[in-house]
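Engineer: Sequence first, then the predicted structure, then my questions.
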Amino acid sequence: MTTATVPPSSQHITASPRVQNLLTKLHAESEAQEKSISQFLFYLKRLARYYLFSETWSASADQHMRDKFVSLEPDKCQFLYLLARSTGARNIVEAGTSFGVSTIYLALAVGQNVTDASSALASRTGGPTAGGKVIATEKEPTKAARAREHWKQAGSEVEPWIELREGNLLETLSVPDSLPEEIDMLLLDIWTPMALPTLEIVRPNLRRGAVVIADNTTFAKPLYKEFLEYIHRPENGFKTLTIPYSGGLEMSVYLP
Ligand SMILES: C[S@@+](CC[C@H](N)C(=O)[O-])C[C@H]1O[C@@H](n2cnc3c(N)ncnc32)[C@H](O)[C@@H]1O
(Lines give C-alpha, C1' and ligand atoms only; values in the text may rest on other atoms or scores of the structure.)
Protein backbone atom coordinates (compact mmCIF):
# COMPACT_ATOMS: atom_id res chain seq x y z
CA MET A 1 0.00 0.00 0.00
CA THR A 2 1.36 3.45 -0.83
CA THR A 3 0.89 6.37 1.51
CA ALA A 4 0.16 9.75 -0.07
CA THR A 5 2.47 12.55 1.06
CA VAL A 6 0.31 15.13 2.77
CA PRO A 7 1.91 18.53 3.27
CA PRO A 8 1.96 19.22 7.03
CA SER A 9 -0.22 22.31 6.91
CA SER A 10 -3.01 20.70 4.85
CA GLN A 11 -4.85 19.83 8.07
CA HIS A 12 -5.02 23.48 9.01
CA ILE A 13 -5.48 25.41 5.80
CA THR A 14 -7.29 24.91 2.52
CA ALA A 15 -4.78 25.49 -0.26
CA SER A 16 -3.53 23.74 -3.38
CA PRO A 17 -0.37 21.57 -3.14
CA ARG A 18 1.42 24.31 -5.08
CA VAL A 19 0.67 26.92 -2.38
CA GLN A 20 1.35 24.45 0.43
CA ASN A 21 4.74 23.59 -1.06
CA LEU A 22 5.60 27.25 -1.55
CA LEU A 23 4.72 27.95 2.09
CA THR A 24 6.81 25.03 3.30
CA LYS A 25 9.80 26.34 1.33
CA LEU A 26 9.40 29.97 2.48
CA HIS A 27 8.95 29.01 6.15
CA ALA A 28 12.10 26.85 5.96
CA GLU A 29 14.12 29.78 4.58
CA SER A 30 12.79 32.11 7.27
CA GLU A 31 13.41 29.61 10.05
CA ALA A 32 17.01 29.07 8.93
CA GLN A 33 17.63 32.81 9.19
CA GLU A 34 15.91 33.10 12.57
CA LYS A 35 17.89 30.20 14.04
CA SER A 36 21.24 31.72 13.11
CA ILE A 37 23.53 32.98 15.85
CA SER A 38 23.75 36.39 14.18
CA GLN A 39 19.97 36.80 14.36
CA PHE A 40 19.89 35.74 18.03
CA LEU A 41 22.62 38.29 18.80
CA PHE A 42 20.71 40.94 16.86
CA TYR A 43 17.59 40.49 19.04
CA LEU A 44 19.70 40.47 22.19
CA LYS A 45 21.40 43.69 21.11
CA ARG A 46 18.01 45.35 20.47
CA LEU A 47 16.85 44.57 24.00
CA ALA A 48 20.18 45.71 25.47
CA ARG A 49 20.02 48.99 23.57
CA TYR A 50 16.49 49.53 24.81
CA TYR A 51 17.52 49.08 28.45
CA LEU A 52 20.76 51.07 28.09
CA PHE A 53 19.69 53.91 25.77
CA SER A 54 15.86 53.61 25.52
CA GLU A 55 16.42 52.98 21.80
CA THR A 56 13.49 51.08 20.27
CA TRP A 57 14.71 50.88 16.65
CA SER A 58 17.47 52.33 14.43
CA ALA A 59 18.61 52.77 10.84
CA SER A 60 21.23 50.05 11.31
CA ALA A 61 18.51 47.67 12.50
CA ASP A 62 16.58 48.42 9.30
CA GLN A 63 19.72 47.71 7.30
CA HIS A 64 20.23 44.38 9.11
CA MET A 65 16.62 43.31 8.46
CA ARG A 66 16.57 44.23 4.78
CA ASP A 67 17.27 40.68 3.57
CA LYS A 68 15.47 38.86 6.42
CA PHE A 69 12.08 37.18 6.15
CA VAL A 70 11.21 37.46 9.87
CA SER A 71 8.00 35.73 8.91
CA LEU A 72 5.50 34.54 11.48
CA GLU A 73 5.95 30.91 12.41
CA PRO A 74 3.70 28.34 10.66
CA ASP A 75 1.54 27.69 13.76
CA LYS A 76 0.79 31.41 14.16
CA CYS A 77 0.02 31.74 10.44
CA GLN A 78 -2.32 28.73 10.57
CA PHE A 79 -4.04 30.24 13.61
CA LEU A 80 -4.51 33.53 11.74
CA TYR A 81 -5.93 31.71 8.74
CA LEU A 82 -8.46 29.82 10.89
CA LEU A 83 -9.33 32.94 12.85
CA ALA A 84 -10.01 34.81 9.61
CA ARG A 85 -12.08 31.90 8.27
CA SER A 86 -14.09 31.53 11.47
CA THR A 87 -14.93 35.24 11.59
CA GLY A 88 -15.59 35.46 7.84
CA ALA A 89 -13.02 38.28 7.61
CA ARG A 90 -13.06 39.91 4.19
CA ASN A 91 -11.10 43.08 4.92
CA ILE A 92 -7.76 42.64 6.61
CA VAL A 93 -4.89 45.07 7.11
CA GLU A 94 -1.41 43.63 7.53
CA ALA A 95 1.11 45.99 9.09
CA GLY A 96 4.48 44.58 8.08
CA THR A 97 4.57 42.31 5.04
CA SER A 98 8.25 41.63 4.40
CA PHE A 99 8.47 38.79 1.81
CA GLY A 100 4.74 38.19 2.01
CA VAL A 101 4.52 34.86 3.86
CA SER A 102 1.79 35.66 6.42
CA THR A 103 -0.01 37.60 3.66
CA ILE A 104 -0.44 34.34 1.73
CA TYR A 105 -2.43 32.82 4.61
CA LEU A 106 -4.55 35.96 5.01
CA ALA A 107 -5.22 36.13 1.27
CA LEU A 108 -6.26 32.47 1.17
CA ALA A 109 -8.75 33.14 3.98
CA VAL A 110 -10.09 36.35 2.40
CA GLY A 111 -10.49 34.71 -1.01
CA GLN A 112 -12.34 31.76 0.49
CA ASN A 113 -14.52 34.01 2.69
CA VAL A 114 -15.43 36.17 -0.32
CA THR A 115 -16.35 33.06 -2.32
CA ASP A 116 -18.56 31.80 0.54
CA ALA A 117 -20.21 35.20 1.02
CA SER A 118 -20.77 35.61 -2.72
CA SER A 119 -22.42 32.16 -3.01
CA ALA A 120 -24.68 32.98 -0.06
CA LEU A 121 -25.65 36.31 -1.66
CA ALA A 122 -26.23 34.75 -5.07
CA SER A 123 -28.47 32.01 -3.66
CA ARG A 124 -30.54 34.55 -1.71
CA THR A 125 -30.80 37.37 -4.19
CA GLY A 126 -29.19 36.17 -7.41
CA GLY A 127 -27.56 39.55 -7.04
CA PRO A 128 -24.18 41.13 -6.45
CA THR A 129 -21.02 39.41 -5.30
CA ALA A 130 -19.15 40.26 -2.09
CA GLY A 131 -15.78 42.01 -2.10
CA GLY A 132 -12.72 41.88 0.11
CA LYS A 133 -8.94 42.19 0.23
CA VAL A 134 -5.81 42.09 2.32
CA ILE A 135 -4.11 45.46 2.46
CA ALA A 136 -0.43 44.59 2.79
CA THR A 137 2.20 47.19 3.72
CA GLU A 138 5.96 47.21 3.19
CA LYS A 139 8.37 50.12 3.19
CA GLU A 140 11.42 48.36 1.72
CA PRO A 141 11.16 48.26 -2.11
CA THR A 142 13.32 45.12 -2.40
CA LYS A 143 11.15 43.28 0.11
CA ALA A 144 7.97 44.42 -1.64
CA ALA A 145 9.35 43.07 -4.92
CA ARG A 146 10.12 39.66 -3.36
CA ALA A 147 6.64 39.55 -1.81
CA ARG A 148 5.05 40.21 -5.22
CA GLU A 149 7.14 37.37 -6.73
CA HIS A 150 5.96 34.96 -4.05
CA TRP A 151 2.30 35.90 -4.52
CA LYS A 152 2.69 35.44 -8.26
CA GLN A 153 4.10 31.97 -7.65
CA ALA A 154 1.15 31.24 -5.33
CA GLY A 155 -1.23 32.13 -8.15
CA SER A 156 -4.94 32.80 -8.36
CA GLU A 157 -5.87 31.55 -4.87
CA VAL A 158 -3.73 34.31 -3.40
CA GLU A 159 -2.53 37.08 -5.71
CA PRO A 160 -5.88 38.71 -6.63
CA TRP A 161 -6.79 39.21 -2.97
CA ILE A 162 -3.83 41.40 -2.06
CA GLU A 163 -3.35 45.15 -2.44
CA LEU A 164 0.23 46.01 -1.55
CA ARG A 165 0.85 49.53 -0.31
CA GLU A 166 4.54 50.19 -0.75
CA GLY A 167 6.12 52.87 1.46
CA ASN A 168 5.83 53.99 5.06
CA LEU A 169 2.49 52.71 6.30
CA LEU A 170 2.00 55.84 8.40
CA GLU A 171 1.50 57.52 5.04
CA THR A 172 0.08 54.73 2.86
CA LEU A 173 -2.66 53.83 5.36
CA SER A 174 -3.48 57.48 6.07
CA VAL A 175 -4.60 58.42 2.55
CA PRO A 176 -8.13 59.78 3.12
CA ASP A 177 -10.94 57.30 2.38
CA SER A 178 -8.47 54.63 1.27
CA LEU A 179 -9.33 52.04 3.91
CA PRO A 180 -12.38 49.77 3.77
CA GLU A 181 -15.22 51.17 5.87
CA GLU A 182 -15.26 48.06 8.04
CA ILE A 183 -12.01 46.28 8.77
CA ASP A 184 -12.35 42.79 10.26
CA MET A 185 -8.77 42.09 11.25
CA LEU A 186 -5.50 43.94 11.79
CA LEU A 187 -2.20 42.08 11.98
CA LEU A 188 0.57 44.04 13.67
CA ASP A 189 3.77 42.24 12.69
CA ILE A 190 5.98 45.26 12.52
CA TRP A 191 8.81 46.91 14.41
CA THR A 192 7.42 47.55 17.87
CA PRO A 193 7.45 51.41 17.83
CA MET A 194 5.02 51.21 14.88
CA ALA A 195 2.39 49.07 16.61
CA LEU A 196 0.47 51.80 18.44
CA PRO A 197 0.64 54.47 15.68
CA THR A 198 -0.69 51.88 13.20
CA LEU A 199 -3.53 50.87 15.50
CA GLU A 200 -4.45 54.52 15.93
CA ILE A 201 -4.70 54.98 12.15
CA VAL A 202 -6.80 51.86 11.59
CA ARG A 203 -9.01 51.99 14.69
CA PRO A 204 -11.70 54.32 13.28
CA ASN A 205 -12.40 51.71 10.60
CA LEU A 206 -12.35 48.61 12.82
CA ARG A 207 -15.77 47.01 12.94
CA ARG A 208 -17.23 46.03 16.28
CA GLY A 209 -15.76 42.60 17.06
CA ALA A 210 -12.70 43.12 14.85
CA VAL A 211 -9.58 41.24 15.90
CA VAL A 212 -6.16 42.84 16.36
CA ILE A 213 -3.18 40.51 16.54
CA ALA A 214 0.30 41.62 17.61
CA ASP A 215 3.31 39.31 17.49
CA ASN A 216 6.00 38.69 20.08
CA THR A 217 4.35 40.69 22.85
CA THR A 218 5.79 38.58 25.68
CA PHE A 219 9.37 38.40 24.40
CA ALA A 220 9.41 42.08 23.43
CA LYS A 221 7.11 43.27 26.24
CA PRO A 222 9.22 46.31 27.24
CA LEU A 223 9.32 47.45 23.61
CA TYR A 224 5.53 47.15 23.35
CA LYS A 225 4.94 49.15 26.55
CA GLU A 226 2.81 51.93 25.05
CA PHE A 227 0.81 49.60 22.82
CA LEU A 228 0.04 47.22 25.69
CA GLU A 229 -0.95 50.07 27.99
CA TYR A 230 -3.27 51.38 25.28
CA ILE A 231 -5.13 48.12 24.63
CA HIS A 232 -5.48 47.46 28.37
CA ARG A 233 -7.08 50.87 29.04
CA PRO A 234 -10.84 50.11 29.18
CA GLU A 235 -11.87 53.39 27.55
CA ASN A 236 -10.10 52.34 24.34
CA GLY A 237 -12.56 49.52 23.84
CA PHE A 238 -10.42 46.37 23.62
CA LYS A 239 -10.69 43.02 25.38
CA THR A 240 -7.29 41.38 25.18
CA LEU A 241 -5.28 38.30 26.09
CA THR A 242 -1.87 36.87 25.34
CA ILE A 243 -1.89 33.52 23.55
CA PRO A 244 1.13 31.45 24.60
CA TYR A 245 2.64 30.95 21.17
CA SER A 246 6.40 31.35 20.98
CA GLY A 247 7.25 34.89 22.14
CA GLY A 248 3.56 35.57 22.92
CA LEU A 249 0.82 36.55 20.49
CA GLU A 250 -1.53 39.29 21.69
CA MET A 251 -5.12 38.89 20.55
CA SER A 252 -7.42 41.84 21.15
CA VAL A 253 -11.06 42.12 20.19
CA TYR A 254 -12.51 45.57 19.54
CA LEU A 255 -15.73 45.89 21.57
CA PRO A 256 -16.20 49.62 22.14
C1 LIG B 1 8.29 41.16 10.96
S2 LIG B 1 8.34 41.70 9.34
C3 LIG B 1 6.82 41.15 8.64
C4 LIG B 1 6.75 39.65 8.40
C5 LIG B 1 5.50 39.21 7.70
N6 LIG B 1 4.32 39.64 8.40
C7 LIG B 1 5.47 37.70 7.59
O8 LIG B 1 5.02 37.03 8.54
O9 LIG B 1 5.90 37.18 6.56
C10 LIG B 1 8.08 43.42 9.50
C11 LIG B 1 8.19 44.20 8.20
O12 LIG B 1 7.67 45.52 8.42
C13 LIG B 1 8.35 46.42 7.57
N14 LIG B 1 8.18 47.78 8.10
C15 LIG B 1 8.77 48.33 9.19
N16 LIG B 1 8.38 49.61 9.36
C17 LIG B 1 7.51 49.87 8.35
C18 LIG B 1 6.74 51.02 8.00
N19 LIG B 1 6.83 52.16 8.69
N20 LIG B 1 5.92 50.94 6.92
C21 LIG B 1 5.82 49.80 6.20
N22 LIG B 1 6.53 48.67 6.49
C23 LIG B 1 7.36 48.70 7.55
C24 LIG B 1 9.78 45.93 7.63
O25 LIG B 1 10.53 46.39 6.52
C26 LIG B 1 9.61 44.41 7.69
O27 LIG B 1 9.78 43.83 6.43
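Structural biologist: In hand now; what should we look at?
Engineer: Every contact and neighbour count from this point should use C-alpha atoms.
Structural biologist: Will do.
Engineer: need the residues of the chain near the ligand, please.
Structural biologist: 70-72, 96-102, 137-140, 167-169, 189-191 (C-alpha under 6 Å from any ligand atom).
Engineer: Write the PyMOL selection for whichever of the residues you listed are buried.
Structural biologist: Command for PyMOL that selects the buried part of the residues of the chain next to the ligand, burial taken from 16 or more other C-alpha atoms under 10 Å:
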select buried, resi 70+71+72+96+97+98+99+100+101+102+137+138+139+140+169+189+190+191
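Engineer: average pLDDT across the top strand by length along the chain?
Structural biologist: In the chain, taking DSSP state E as the definition, the longest strand is strand 206-215. Per-residue pLDDT over strand 206-215 has a mean of 98.
Engineer: One more: stretch 105-114?
Structural biologist: 98.
Engineer: ok, residues contacting that stretch?
Structural biologist: Contact partners of stretch 105-114, identified using C-alpha atoms under 8 Å, 6 or more residues apart in numbering, comprise 14-15, 77-78, 80-82, 84-85, 88-92, 130-134, 157-159, 161-162.
Engineer: Pull out the buried residues from the helix or strand immediately after the longest strand of the chain in the chain.
Structural biologist: Sequence order places helix 225-232 as the next helix or strand after strand 206-215, per DSSP states H and E. Residues 226-228, 230-232 are the ones in helix 225-232 that count as buried (16+ other C-alpha under 10 Å).
Engineer: before we move on, what about stretch 159-170?
Structural biologist: Judged by neighbour count (16+ other C-alpha under 10 Å), stretch 159-170 contains these buried residues: 159, 161-162, 164-166, 169.
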